[in-house]
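# sequence unavailable; structure follows:
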Ligand SMILES: OC[C@H]1O[C@](O)(CO)[C@@H](O)[C@@H]1O
């Protein structure tokens, strides 16, 4: 979901400059972007399985659950379009926002997009945490979706452009790692909050997302725009000065020249959409669209969104279903870590083929 950034590949060259304060704050803000995406994916399943939440906003669903309590038919206990709209409006809003976010990211820079992303996350979390009615819940959730759209466009591009070449790959994978940690943290928060005797646990679960959102807003204000983005907008000298600043050295000529070459090459492409549909680019087009498409179509987000609800409909108790979500989230974190640690050893292709087989096997098992 990148926002059209220009990333220079070092091609084995060793540019000067390493990890410094800019890179560290970049990682922090990026981590918050990933964490918030994961947190908002993972939080609603647990919240919608909390009784006080259902009683307040979805009394009919709660009543239906009570009525069905003794029945062996566990199917469709949570059959409410409004309830599923609350959860899935996140992705609908993210989809819409990503169109605007790509323009903001290109025209106003990555920093601006990250700032907006953080702001959407913040207001969305507050609205949800203080929700008095369903409207506040859904509007809050839509704003969180806008946050996802903006953060997913800008953060990976920002990371790629700020990171020194030698740690660029690792940092990019760190974004996915942060997503999975966010999902796991959400499920742990739900386990703790469901136990609050006040019955207000759902408010804390939904509202706690405001904490990383504040860090993201403040962090993105502290961060500079990337040299690539400044260059793209035509300010060459400013871009060079910024590159020197973030790399902590005056000796950046080689990297700067590569950036200029990349921008020039990008400018020469007159009809990018027409070009990409040419037969010679078919493999790139197919891979860049169908791989993420099918990755989402594996149904992973049914698990991430609804794990506790799924476990409840399978007959688990309230606490066991929240713990089930912790286990799914934990496996997701471990699997991501294993792939980060092994990707360079085995190569992307082997890992990809191995994962495809596992997904197929798991789907077959599920259908049975
Ligand atoms: O780790 C799984 C998670 O990662 C994503 O695919 C994002 O890259 C989410 O859609 C999913 O919930």
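Received the coordinates, thanks. If you're wondering where the values come from, they're calculated on a predicted model, not measured in any experiment.
# next, count neighbours for the residue in the stretch 251-368 of the chain that the ligand sits nearest to.
Nearest to the ligand, among the residues of the stretch 251-368 of the chain, is residue 304, at 4.1 Å (Cβ to the nearest ligand atom). All C-beta spots, glycine's among them, are computed from the backbone N, C-alpha and C. Using other Cβ atoms under 10 Å, residue 304 has 22 neighbouring residues.
# wait, isn't it in contact with residue 43?
No - Residue 304 sits out of contact with residue 43 when judged by Cβ atoms under 8 Å, with a separation of 10.2 Å.
# contact residues of the stretch 201-350 of the chain facing the ligand?
Neighbours of the ligand within the stretch 201-350 of the chain, by Cβ under 6 Å from any ligand atom: 295, 300-301, 304, 332.
# reformat the residues you listed as TSV; add secondary structure and pLDDT.
What follows is those, written out as TSV (DSSP: H, G, I helix; E, B strand; the rest coil; pLDDT from 0 to 100):
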residue	secondary structure	pLDDT
295	helix	87
300	helix	89
301	helix	89
304	helix	90
332	helix	95
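# quick one on the thing from earlier: ok, now which ones touch the residue of the stretch 251-368 of the chain closest to the ligand?
By Cβ atoms under 8 Å, 6 or more residues apart in numbering, the contact set of residue 304 is 41-42, 45, 183, 328-329, 332.
# let's go with 6 Å and repeat that
Contacts for residue 304 (Cβ atoms under 6 Å, 6 or more residues apart in numbering) come out as 41-42, 183.
# which element is residue 211 on?
For residue 211, the host element (DSSP states H and E) is helix 210-222.
# what residues does that helix touch?
In contact with helix 210-222 (Cβ under 6 Å, 6+ apart) are residues 25, 28-29, 32, 35-36, 111, 114-115, 118-119, 121-122, 125-126.
# which of these count as buried?
25, 28-29, 32, 35-36, 111, 114-115, 118-119, 121-122, 125-126 (16 or more other Cβ atoms under 10 Å).
# residues in contact with the closest residue to residue 47 other than its chain neighbours?
Residue nearest to residue 47 in three dimensions, not counting chain neighbours: residue 202, with 4.7 Å by Cβ to Cβ, 6 or more residues apart in numbering. Neighbouring residues of residue 202 by Cβ under 6 Å, 6+ apart: 47, 50, 53.
# what residues are up against residue 158?
Contacts here follow Cβ under 6 Å, 6+ apart; on that basis residue 158 touches residue 110.
# between the helix or strand hosting it and helix 210-222, how many degrees?
Residue 158 belongs to helix 134-162 when assigned by DSSP H and E. Per axes from the mean of the first three to the mean of the last three Cα atoms, to 10 degrees, the angle that helix 134-162 makes with helix 210-222 is 40 degrees.
# next secondary structure after helix 134-162?
helix 168-193.
# residues near residue 269, how many?
Residue 269: 10 surrounding residues under other Cβ under 10 Å.
# so for it, what's the pLDDT?
pLDDT recorded at residue 269 is 81.
# same deal with residue 120?
97.
# can you pull the contacts of it?
143, 146-147.
# my guess is residue 155 contacts residue 31. True?
No - at 9.1 Å, residue 155 does not count as touching residue 31 under the criterion of Cβ atoms under 6 Å.
# before we move on, back to that, kindly supply the ChimeraX command isolating those of the residues of the stretch 201-350 of the chain next to the ligand that are buried.
Restricted to buried positions by 16+ other Cβ under 10 Å, the ChimeraX selection for those reads:
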select :301,304,332
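# name the nearest of the residues of the stretch 201-350 of the chain next to the ligand relative to residue 271.
residue 295 (28.5 Å; Cβ to Cβ).
# state the helix or strand in which residue 259 lies.
helix 253-268.
# elements contacting that helix?
Packing contacts for helix 253-268, counted by 3 or more Cβ pairs under 6 Å, 6 or more residues apart in numbering; DSSP states H and E, involve helix 227-232.
# does residue 97 count as helix, strand or coil?
Here residue 97 is helix, with the state taken from DSSP: H, G, I helix; E, B strand; the rest coil.
# oh sorry, the question was meant for residue 125
Residue 125 falls in the helix class when you classify it by three-state DSSP.
# give the contact list for it.
Counting by Cβ under 6 Å, 6+ apart, residue 125 touches 207, 209-210, 213.
# can you do 10 Å?
36, 39-40, 43, 140, 143-144, 147, 206-214 (Cβ atoms under 10 Å, 6 or more residues apart in numbering).
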